[in-house]
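> When you get a sec, could you give me coordinates for this:
(2 chains)
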Amino acid sequence: MNLILAYLTDPAHWQGSGGIPARVLEHLIYTLVTLLVAAAIGVPLGLWVGHTGRGRWAVVNLVNGMRSVPTLGLLFVAVLVLGPRIRGDLAFVVPSILVLVVLAVPPILAGAYAGVDAVDPLARDAAKAMGMSSREVLFGVELPCALPLLFGGLRSAALQVVATATIAAAVSVGGLGRLLIDGQAVRDYGQMAAGAVLVAALALAVDLVFALVQRVAISPGLVPARRRPIDRKNPTPANPVA
Amino acid sequence: MIRFSDVRKTYPDGTVAVDGLTLEAPTGQITVLVGPSGCGKTTSLRMINKMIEPTSGSITVDGRDISGMNADELRRGMGYVIQSGGLFPHRTVLDNIATVPLLLGVPKTQARASAMELLERMGLSTSLAKRYPNQLSGGQQQRVGVARALAADPPIMLMDEPFSAVDPQVREQLQDEFLRLQGELGKTIVFVTHDIDEAVKLGDQVAVLRVGGTLAQLASPERLLADPADDFVADFLGRDRGYRGLAFAPGGSVPIGTEPTVVLGTSSDAARSVASGAAWLLIVDEAGAPVGWVEPARLGARVERSDLHRGGTVARASGSLRAALDAALSAPSRRGVLTDDAGRLIGTVSAHDVLAAIEGAGGSADGTPASSNGDGAP
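Got it, this is the predicted structure:
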């Protein structure tokens, strides 16, 4: 504990390109890029599968299969295969991001698919019967109703990516993983532990941001009634019986 | 007018859902499709707005064959109400109601303003406008569902068991409101239910379908009760057909006798002298509305509310013979209490007079008395 505090309170560790702020920023950038790419793949695919009902079987198996891929092994393979083809710093960054994307797509895909799949069939049927086009049903009803589960998938992916982005340091890329890898190399346990603590704190912070965005983005009608704050102007019960 | 001509629907697994259905749903009237589950009533309804495509045969709306029409446009011109509303959970009540006008390109403020009017028209408080469906009761959701279907003022309404998910008391209330609304709006309505009582109550005409999707009988409710086409229809209609059929016989022809009354609070001596020996005396309130019967022999000092016998039902003189007969049968004095439409006493009728009126009408009609001998097969 003292070692961690000593490391974190040393002003020298908060400056420069190898300092904590720079490492946190690197870590955040990897996370953000990974999530954007993974969402760009997983969300449309999940919505499409949920909307059309096609390829459900494939999604379930793909999601389970991808979860069992050993991340570190995949990282080394990706660096070996892609590294020589990419110039400069990106030679290691791109394979790292790629591996993180592989990790992040399954929960996002599953969330998007499950969200659309869980939409009340009566609401979907009514939407269609009122003359909404397939597109209007998807974007007007299915997507907004899928948001709670979709956000669940995104948050789960974000947590995994923040935690796992540390391994990128194993192939000499930046981020908070550097504190762990470099700390291990010189047996600086304070630095290693501080790195771990920072990763955990960052994960919590990212999750908090998602929680706030979710509050704004999701319709109050989809939040279970008992969790909704009581309306002071109309203090009627949230679940009237008659 | 919606017209089915020899419509057939067969599913890939060989199930025949609808077979050779030919019927017309006249403009401005309620046509009820009723039958046991598996009779193809919902399938038939969903073929009207192309949610299901018929295998053969044709459906026309006001003379136009719908097979060539754009499904989305067709649907926007038809209100659609389903069991438990099918409301969008993520939209407020107001935005749910405004759905179709918004699809049709009506400006948002205007769509919301008319949605607000509809909310009131459906007997819902405008304070519900900003609520979400999961904050409403079943009956409220159902009303919002009907309002949503009416929002774009479509000439046609398709309703699939809209009132079956609520408890009987609320259902009756919704049915009455529905009839009142239809009286004002005069939509062409196709209504699906499995409940024959609902069909008889709401339908201008009732189509009874049997399992396998064939039409067993198409008739007015009155005719249906009086003259079921076959054993299936008779069984499906159930018991008390003769009695239920009286609901369609106007009660105007029954002779109404004057009834001596006293006002609540009258002294018992005065009450006894008015009753002049009769076992039961009718009590009215200050406004002349009947409140109940008392036995003059058992009164205390005055006629109190606690003396009232409340068994008797009250019928409107403008109502049906069924209501008049029930009033007579349920009154302890065996004299049925009749009121005007404002609820003020007109007089009383005896069961005998009601039966005489039925006999008089029955001679010329289509055999109503024939089914009064029992409750099962003829």
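
> From now on I want contacts and neighbour counts done on CA atoms only, so please keep to that.
Noted.

> Next one: the residue most central in space within chain A relative to chain B, how far apart?
Chain A has A:Ala158 as the residue nearest its centroid, 2.3 Å off, counting by CA atoms, centre = their mean. Separation of A:Ala158 from chain B (CA to the nearest CA, to the nearest Å) stands at 25 Å.

> hang on, that residue in a helix?
Yes - counting by DSSP: H, G, I helix; E, B strand; the rest coil, A:Ala158 falls inside a helix.

> Correct me if wrong: it contacts A:Leu35.
Yes - with contact defined as CA atoms under 8 Å, A:Ala158 reaches A:Leu35; the gap is 6.9 Å.

> intersection of neighbour lists for these two?
Listed as contacting both A:Ala158 and A:Leu35 by CA atoms under 8 Å, 6 or more residues apart in numbering or on different chains are A:Ala104.

> Neighbours of residue 176, how many?
I'll assume chain A. 34 (other CA atoms under 10 Å in any protein chain shown).

> Chain B, not that one
B:Asp176, neighbours per other CA under 10 Å, totals 14.

> How much space separates A:Pro84 from chain B?
Counting by CA to the nearest CA - A:Pro84 and chain B are separated by 50 Å.

> is it true that that residue touches A:Ala91?
Yes - the pair A:Pro84 and A:Ala91 qualifies as a contact (CA under 8 Å) at a distance of 7.0 Å.

> Name the residue in those two with the higher neighbour count.
Counted by other CA under 10 Å, A:Pro84 and A:Ala91 do not tie: A:Ala91 has more neighbours, with 19 against 11.

> Tell me the secondary structure of that one, please.
Under three-state DSSP, A:Ala91 comes out as helix.

> Could you do B:Thr60 as well?
Of the three states, B:Thr60 takes strand under three-state DSSP.

> Output the below-cut-off pLDDT ranges for chain B.
Counting by pLDDT under 70, chain B shows low-confidence ranges at B:361-378.

> can you list the residues of it near chain A?
B:49, B:51, B:71-76, B:78-82, B:86-92, B:100, B:103, B:131-139, B:149 (CA under 8 Å from any CA of the partner chain).

> Please, a PyMOL command that selects the buried ones among those residues?
A single PyMOL command selects the buried members of the residues of chain B next to chain A (16 or more other CA atoms under 10 Å in any protein chain shown):
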select buried, chain B and resi 49+51+71+72+74+75+76+78+79+80+81+82+86+87+88+89+90+91+92+100+103+131+132+133+134+135+136+137+138+139+149
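
> Among the residues of chain B next to chain A, which lie within helices?
With DSSP state H as the criterion, helices contain B:Ala71, B:Asp72, B:Glu73, B:Leu74, B:Arg75, B:Arg76, B:Val100, B:Leu103, B:Gly138, B:Gly139, B:Ala149 from among the residues of chain B next to chain A.

> hey, what's the residue nearest to the last one when sequence neighbours are not counted bridged with?
Yep, that's B:Ala149 we're talking about. Here the nearest residue to B:Ala149 in space, its sequence neighbours aside, is B:Gly79; by CA to CA, 6 or more residues apart in numbering or on different chains that works out to 4.1 Å. As for beta bridges, B:Gly79 partners with B:Met157 under DSSP bridges.

> And B:Gly79, how far from A:Arg87?
In this view, B:Gly79 and A:Arg87 are 62 Å apart by CA to CA, to the nearest Å.

> Grab the nearest non-local neighbour of the closest residue to chain A within the stretch 101-250 of chain B.
Per CA to the nearest CA, B:Tyr132 is where the stretch 101-250 of chain B lies closest to chain A, at 5.0 Å. Of all residues not flanking B:Tyr132 in the chain, B:Thr92 sits nearest, at 4.6 Å (CA to CA, 6+ apart).

> Contact partners for that neighbour?
B:Thr92 neighbours (CA under 8 Å, 6+ apart): A:Gly221, B:Ala129, B:Lys130, B:Arg131, B:Tyr132, B:Pro133.

> Look up phi and psi at the nearest residue to the fourth one once chain neighbours are set aside.
Using CA to CA, 6+ apart and skipping residues adjacent in sequence, the residue nearest B:Arg131 is B:Thr92, 5.4 Å away. The main-chain torsion angles of B:Thr92 are listed as degrees, to the nearest 10 and equal phi -70, psi 170.

> List the buried residues for the lengthiest helix in chain A?
Counting residues, the longest helix found in chain A (DSSP H) is helix A:20-52. Buried residues in helix A:20-52, counted by 16+ other CA under 10 Å: A:20-24, A:26-28, A:30-31, A:34-35, A:37-39, A:41-43, A:45-51.

> For that helix, name the packing helices and strands.
Applying 3 or more CA pairs under 8 Å, 6 or more residues apart in numbering or on different chains; DSSP states H and E, we find helix A:20-52 packed against helix A:56-67, helix A:90-117, helix A:143-164.
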